[in-house]
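1. kindly generate the corresponding structure for this input.
(chains A and B)
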Amino acid sequence: EPEVTQTPSHQVTQMGQEVILRCVPISNHLYFYWYRQILGQKVEFLVSFYNNEISEKSEIFDDQFSVERPDGSNFTLKIRSTKLEDSAMYFCASRFDRNNEQFFGPGTRLTVL
Amino acid sequence: KNEVEQSPQNLTAQEGEFITINCSYSVGISALHWLQQHPGGGIVSLFMLSSGKKKHGRLIATINIQEKHSSLHITASHPRDSAVYICAVGGGADGLTFGKGTHLIIQP
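-> Prediction:
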């Protein structure tokens, strides 16, 4: 069964460093999302991406964040200068169209020291 | 901005019991999602519904659009149902707004 994959599963970085989190959505899906979950808190929406551009972003998704779909398969989230409060589990999700459920990747646990 | 409230926050039950988890939201939506999150962190979609009722195995989800309320039921609960159940709302290309989740423990 097709699934969303994410790499790495765990990333440890120093404050101020840039990180890139990678996702491979399900191949025929058209809508892509990034969410984050700080430990012990609810899942929060970061950004949605469709037709090679951002369709919606939350207040959390400030200038330190960017997303890219550099080829036909990968979907990346870049954090330019990480802060301690960026430590969280980051989930990628994809869906085929607007009327279908979202499929979530297993997540990348980001730890900023 | 939609507010999503779930109840109860925590629920412990005995194997075989009928489980109900409730979700309410503040602003009209096009779709509501029920998700399951296991201790390892992975999130699995259980249902996406915009009206009426859906059933999958021992799981049943209902939604009342007028009352802005949805319920997730588990029949004949089993310890393997132990997980966090999350209600989320959203539609179209937009991202989801999540509730805080219900921590369910089913004891043998």
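2. looking at chain A, which helix or strand does the model trust least?
-> strand A:53-57 (a mean of 93; mean pLDDT, DSSP states H and E).
3. helices and strands around the helix or strand following that one, which ones?
-> Where DSSP states H and E defines the elements, the next helix or strand beyond strand A:53-57 is strand A:65-68. Secondary-structure packing of strand A:65-68 (3 or more C-beta pairs under 8 Å, 6 or more residues apart in numbering or on different chains; DSSP states H and E): strand A:44-50, strand A:75-79. Yep, even glycine has a C-beta here, placed from its N, CA and C like the rest.
4. out of those strands, nearest to chain B?
-> strand A:44-50 (3.3 Å; C-beta to the nearest C-beta).
5. elements contacting the closest one?
-> Using 3+ C-beta pairs under 8 Å, 6+ apart, strand A:44-50 sits against strand A:31-37, strand A:53-57, strand A:65-68, strand A:75-79, strand B:97-98.
6. what pLDDT does residue B:29 get?
-> Listed pLDDT for residue B:29 reads 82.
7. from residue B:51, how far off is the nearest residue to it once chain neighbours are set aside?
-> Counting by C-beta to C-beta, 6 or more residues apart in numbering or on different chains, residue B:29 lies nearest to residue B:89, which is 4.6 Å off, once chain neighbours are set aside. Distance of residue B:89 to residue B:51, given as C-beta to C-beta, to the nearest Å: 14 Å.
8. of the two, which one has the most company?
-> residue B:89 (24 against 11; other C-beta atoms under 10 Å in any protein chain shown).
9. show me what contacts the more buried one?
-> B:2, B:4, B:25, B:29, B:31-33, B:96-97 (C-beta atoms under 8 Å, 6 or more residues apart in numbering or on different chains).
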